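Student: With the sequence up front, the predicted model follows.
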Amino acid sequence: MPAQGSGPSGFEAAGAVGSVAVRTFAERQNTQRIAPTQTLNAHQSMDGHQVNAMAGDRSGETPTHFADYDELPEGHFYDPDAEYEPDPEYAATLAPDAARQRRERIGPTGRPLPYFPIPGPLTDHGPAKIIAMCNQKGGVGKTTSTINLGAALAEYGRRVLLVDFDPQGALSVGLGVNPMELDLTVYNLLMERGMAADEVLLKTAVPNMDLLPSNIDLSAAEVQLVSEVARESTLQRALKPLMQDYDYIVIDCQPSLGLLTVNALTAAHKVIVPLECEFFALRGVALLTETIEKVQERLNPDLELDGILATMYDSRTVHSREVLARVVEAFDDHVYHTVIGRTVRFPETTVAGEPITTYASNSVGAAAYRQLAREVLARCHAE
Ligand SMILES: Nc1ncnc2c1ncn2[C@@H]1O[C@H](COP(=O)(O)OP(=O)(O)OP(=O)(O)O)[C@@H](O)[C@H]1O
Ligand SMILES: [Mg+2]
């Protein structure tokens, strides 16, 4: 076992494990593909730290990106850090602390990947931070991210309320609720004075996570709200009595920038913008940021863009990597370090009516949303 922290930098530590063929940063830039076993053995040999190694000697095989494995092997947990070796040049700038060096690797966004600690338990709950999951572009992963971020936060002991704010009711469907059978939905909560939130709330199968469901009725609200007094803050008023009961309220917006979305932005403290890693990803984002700024100026000065979440990322395609690089170029530190890979597991979860964290708890997708939850919590705590 090589001596830890013996050198002035991580460079020597990395060199010491060079015997197991750690790639150089330059090589990685060229290939972007890493042999997981080699990397992981390298990390294990540095301090015996438990990482999610693929068992067995795969040295004869073509290097495969870790995210190619849909299921993690039994008994292994996902550590996204484990995919990346330290960049020697970068590591040379770090303090001689082997544990820190191991963590600070280049992530898929091309920036050093920080370590997001597992959040400790809470002794009391509330008041809630409200997050709007928003992008007027359709099919970018808003609903998938709402369900799975919510479920991951709930797994970490946070009390979570999900608000289905899309008349399509996809969030409700994704949690096993049939929107057509609902008598009361978020529409009633918005439009009927005196309607108690408790009457509309549904418990989900995930402990600590509740749902305000919706169905096609909500599309009428968009029209009816136009003549209301303070029509943009209707949702904010409806959520007020629930604030003390939850730690996080996540609103799944519809794919438009209409009055419902403006209501969600007015109620929210933070916005998360999911972006699909494909060619037109950035189209329309300027309009979205303009809308966020207008809401900030006129209705909700507390509103902040928490982050841009890259979704449906496929590390095997140059295209995905290029789009992600463009997104980071445009939004810099606003882009979450956590990137959600493309996997068929997500459409499957919609059919199953449950989050990926319970449907395929050991999957890479579940691990990615758990990491996102830790990153979101870390950003909140950093304030
Ligand atoms: N990471 C992913 N990998 C593969 N498929 C995904 C991923 N995320 C979401 N999907 C699938 O893509 C489709 C669109 O996702 P989702 O419904 O979450 O997007 P949305 O932004 O909420 O769409 P809409 O704008 O219609 O509300 C769904 O079928 C979903 O299962
Ligand atoms: Mg949706």
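Tutor: Looks like it came in fine. Computed from a prediction, not measured in an experiment: that's the story for all the values here. Ligands and ions are numbered 1, 2, ... in the order given.
Student: is any part of stretch 368-383 close to ligand 1?
Tutor: No - taking CB under 6 Å from any ligand atom as the criterion, stretch 368-383 and ligand 1 are apart, separated by no less than 8.1 Å. Where C-beta positions appear, they are placed from N, C-alpha and C, glycine not excepted.
Student: quick one, strands of the stretch 251-383 of the chain?
Tutor: 270-276, 304-311 (DSSP state E, counting those that start in this stretch).
Student: looking at those strands, which is buried most?
Tutor: With neighbours defined as mean count of other CB atoms under 10 Å, those peak in mean count at strand 270-276, which reaches a mean of 24.
Student: quick one, it and strand 304-311 angle?
Tutor: 20 degrees (axes from the mean of the first three to the mean of the last three CA atoms, to 10 degrees).
Student: Alpha carbons only: can I get strand 270-276 in CSV?
Tutor: C-alpha atoms of strand 270-276 as CSV (Å, rounded to 0.1, in the frame of the first residue of the first chain):
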residue,chain,number,x,y,z
LYS,A,270,-35.6,28.5,-5.8
VAL,A,271,-35.8,27.4,-9.4
ILE,A,272,-34.3,24.3,-10.8
VAL,A,273,-34.2,24.2,-14.6
PRO,A,274,-33.8,20.7,-16.1
LEU,A,275,-32.1,20.7,-19.5
GLU,A,276,-32.0,17.7,-21.8
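Student: so does that strand get close to ligand 2?
Tutor: No - using CB under 5 Å from the ion, strand 270-276 stays clear of ligand 2, coming no nearer than 9.6 Å.
Student: quick one: average pLDDT of stretch 375-383?
Tutor: Averaging pLDDT along stretch 375-383 yields 87.
Student: contact partners of that stretch?
Tutor: Residues outside stretch 375-383 that contact it (CB atoms under 8 Å, 6 or more residues apart in numbering) are 114, 116-117, 119, 129, 131, 149, 153, 156, 158, 272, 306-307, 336-338.
Student: Only the buried residues of that stretch, if you could.
Tutor: Residues of stretch 375-383 classed as buried by neighbour count (16 or more other CB atoms under 10 Å): 375-377, 380.
Student: Now do the helix ranked longest in the chain and strand 270-276, the angle between them.
Tutor: Counting by DSSP state H, the longest helix found in the chain is helix 364-381. Relative orientation of helix 364-381 versus strand 270-276 (the same axes, to 10 degrees): 150 degrees.
Student: any idea how far helix 364-381 is from the chain center?
Tutor: The chain centre lies 6 Å from the centre of helix 364-381; the measure is CA atoms, centre = their mean, to the nearest Å.
Student: Stretch 184-200 too?
Tutor: Taking mean C-alpha positions (CA atoms, centre = their mean), stretch 184-200 and its chain are 29 Å apart.
Student: Can you get me the start-to-end distance on that stretch?
Tutor: 6 Å (CA to CA, to the nearest Å).
Student: Can you point out the buried residues in that stretch?
Tutor: Buried, per 16+ other CB under 10 Å, within stretch 184-200: 184-191, 197, 200.
Student: Check stretch 137-151 too.
Tutor: By neighbour count with 16+ other CB under 10 Å, stretch 137-151 contains the buried residues 137, 140-151.
Student: Other residues contacting stretch 325-338?
Tutor: The contact list for stretch 325-338 (CB under 8 Å, 6+ apart) reads 80, 107, 109-111, 113-114, 116, 275, 277, 281-282, 285, 305, 307-310, 368, 371-372, 375.
Student: quick one on the thing from earlier: output the strands of the stretch 251-383 of the chain in JSON lines; the columns should cover mean pLDDT and distance to Pro167.
Tutor: Below are the strands of the stretch 251-383 of the chain laid out as JSON lines (pLDDT from 0 to 100; distance: least, CB to CB, whole Å):
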{"stretch": "strand 270-276", "mean pLDDT": "97", "distance to Pro167": "19"}
{"stretch": "strand 304-311", "mean pLDDT": "96", "distance to Pro167": "22"}
